[in-house]
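>>> The sequence and its predicted three-dimensional model are supplied below.
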Amino acid sequence: MLKHYKTVRKEETEEVIIQKSRFIGHVKRTETEEEAQAFIEQIKKEHNQANHNCSAYLIGEHDSIQKANDDGEPSQTAGAPMLNVLKQQALKDTCIVITRYFGGIKLGAGGLIRAYSNTTTETLKKAGLVNRHLVAVYTITIDYTLLGKVENALRQSEYIIDHIDYLDTVKFKVFVKVDDQDAFETWLVDLTSDQANMAVEETRYIEEGI
């Protein structure tokens, strides 16, 4: 699993008018090629009267799956520019579909490349981007005598408190980036004079807006 990567925040749609043609961008986070293809087919059904439904997607930790489709536009004027924008922004697991309703004015190869690139960029802006970080989820158990000290130190640190349970003892759930686990454990032992119990429940991704 990647320790961190960038992708789109949410599924979104954005429309751009260029020389009377409607370019409607649709973007979605897709973690498998099957999800990407299903999304493309969904848009094609919704816009089955459109002149073109061009698409591009990147899937996998190392972008092992990359596809671009011009859907009837001149070769390399739609899908490839769209894919290039995804690569330039270093996105992972992202699928973009751009629907075009022709407005009667031909744009030429250069105009098409700019139109599909710009619509991709505007659609990504509207959807928003996030960094996903792989974290270890720690459960930390302490006595109430340490509550103030530990809570204050955690809130002033780069570690993230998910929640606190006030039971017979105090239990914190804390997110720690996987690269920082050794440093965190040493820090907590020093902070509490080794009076805290800690355990890793799982690893998972958390998201941070860009």
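That came through fine. Numbers count the residues shown, from 1 in each chain.
>>> for the residue of the chain most remote from its centre, helix, strand, or coil?
Going by Cα atoms, centre = their mean, the residue of the chain most distant from its centre is T145, 40.5 Å out. Here T145 is helix, with the state taken from DSSP: H, G, I helix; E, B strand; the rest coil.
>>> Ignoring the adjacent residues along the chain, who's closest to G79?
Nearest non-adjacent residue to G79, counting by Cβ to Cβ, 6 or more residues apart in numbering: A68, 3.1 Å away. For every residue, glycine as well, the C-beta is placed using N, CA and C.
>>> I'd like the distance between the one you found and V85.
11 Å (Cβ to Cβ, to the nearest Å).
>>> Next: G108.
Distance from G108 to V85, by Cβ to Cβ: 19 Å.
>>> What residues sit buried inside the longest helix along the chain?
Secondary structure of the chain per DSSP state H: the longest helix is helix 108-127. Across helix 108-127, burial judged by 16 or more other Cβ atoms under 10 Å covers L112, I113, A115, Y116, S117, N118, T119, T120, T121, T123, L124, A127.
>>> likewise stretch 196-210?
Applying 16+ other Cβ under 10 Å to stretch 196-210 flags A196, M198, Y205 as buried.
>>> by contact count, what packs against the longest helix of the chain?
strand 12-18, strand 21-29, helix 79-88, strand 94-101 (3 or more Cβ pairs under 8 Å, 6 or more residues apart in numbering; DSSP states H and E).
>>> which helices and strands sit right next to the first one?
Right, strand 12-18. Using 3+ Cβ pairs under 8 Å, 6+ apart: strand 12-18 touches strand 21-29, helix 108-127.
>>> Just checking: what are the partner strands of that strand?
Strand 12-18 has the following strand partners under DSSP bridges: strand 21-29 (antiparallel).
>>> who touches the partner strand?
With contact meaning Cβ atoms under 8 Å, 6 or more residues apart in numbering, strand 21-29 is reached by 7-8, 10-17, 35, 39, 43, 47, 93-103, 105, 107, 115-116, 119-120, 122-124, 127.
>>> Just the buried residues of those residues.
Of the contacts of strand 21-29, these count as buried by 16+ other Cβ under 10 Å: 7-8, 12, 14, 16, 35, 39, 43, 47, 93-101, 107, 115-116, 119-120, 123-124, 127.
>>> tell me the domain ranges of this structure?
4-127, 131-209 (automatic domain parsing).
>>> avg pLDDT for the last one?
Right, the one you point to is domain 131-209. Domain 131-209 shows a mean pLDDT of 97.
>>> If you tally nearby residues, what's the number for E151?
By other Cβ atoms under 10 Å, the residues close to E151 number 15.
>>> Buried residues in whichever strand or helix holds it, which are they?
Using DSSP states H and E, E151 sits within helix 147-155. Residues of helix 147-155 classed as buried by neighbour count (16+ other Cβ under 10 Å): V150, L154.
>>> Give me the contact list for it.
Taking Cβ under 8 Å, 6+ apart as the rule, helix 147-155 contacts I140, I142, I161, I164, V170, F172, V174, L188, L191, T192, A196.
>>> rewinding a little: any chance of a markdown table for the helices and strands packed on helix 108-127, columns mean pLDDT and distance to E73?
Shown next, in a markdown table, are those (pLDDT from 0 to 100; distance: least, Cβ to Cβ, whole Å):
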| stretch | mean pLDDT | distance to E73 |
| --- | --- | --- |
| strand 12-18 | 97 | 13 |
| strand 21-29 | 98 | 11 |
| helix 79-88 | 98 | 8 |
| strand 94-101 | 98 | 8 |
